[in-house]
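*Asks:* below is the sequence, then the predicted model.
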Amino acid sequence: MEFKLNKIESDAYYNEVLAIVSNYKKLVKNPRQKIKGVNRQAITLTVISVVFLVVFSFLYLQNRSNTLYLIVVAIFAIAFVGHNL
């Protein structure tokens with residue numbers, strides 16, 4: 001399924017809508033709670049995935065016979081590339 005948006009509103013409006021949708025459960029519990037944008041969460045998760053990608057790449061290079069490290073590196077690489085598309 002693909003949604004096509006005509007940019008009628010500003011980017012701040014779409015960022016606020018995305019923050020509301022992603023924090024829906026928190027807002028149901030406490031409607032007056034202030035929520036943070038999703039950009040900070042996305043950057044944090046991207047940094048964490050890069051750190052894990054580097055660590056497991058290093059572990060794989062130290063022990064190439066263990067293919068589990070290569071599988072984990074592939075998963076984090078796919079997640080990192082998929083997130084940035």
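*Replies:* Received the coordinates, thanks.

*Asks:* following element in sequence after the longest helix anywhere in the chain, please.
*Replies:* When the chain is parsed with DSSP state H, its longest helix is helix 38-62. Heading C-terminal from helix 38-62, the first helix or strand you meet, by DSSP states H and E, is helix 67-83.

*Asks:* what packs against that next one?
*Replies:* helix 38-62 (3 or more CB pairs under 8 Å, 6 or more residues apart in numbering; DSSP states H and E). Where C-beta positions appear, they are placed from N, C-alpha and C, glycine not excepted.

*Asks:* now tell me what touches the helix it packs on from outside.
*Replies:* Identification of contacts with helix 38-62 by CB atoms under 8 Å, 6 or more residues apart in numbering yields 15, 18-19, 22, 66, 69-70, 72-73, 76-77, 79-80, 83-84.

*Asks:* now, of these, which are buried?
*Replies:* Applying 16 or more other CB atoms under 10 Å to these, the neighbour count classes 19, 69, 72-73, 76 as buried.

*Asks:* show me which pair in those is furthest apart.
*Replies:* Spatial extent of these (CB to CB) is set by the pair A19 and Y69 at 35.9 Å.

*Asks:* who's in contact with N66?
*Replies:* Applying CB under 8 Å, 6+ apart, one finds that N66 lies in contact with 59-60.

*Asks:* sorry, back to before: can I get the buried ones among the contacts of helix 38-62 in JSON lines with distance to R32 and pLDDT?
*Replies:* Formatted as JSON lines, these follow (distance: CB to CB, whole Å; pLDDT from 0 to 100):
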{"residue": "A19", "distance to R32": "15", "pLDDT": "81"}
{"residue": "Y69", "distance to R32": "47", "pLDDT": "82"}
{"residue": "V72", "distance to R32": "42", "pLDDT": "84"}
{"residue": "V73", "distance to R32": "44", "pLDDT": "83"}
{"residue": "F76", "distance to R32": "38", "pLDDT": "80"}
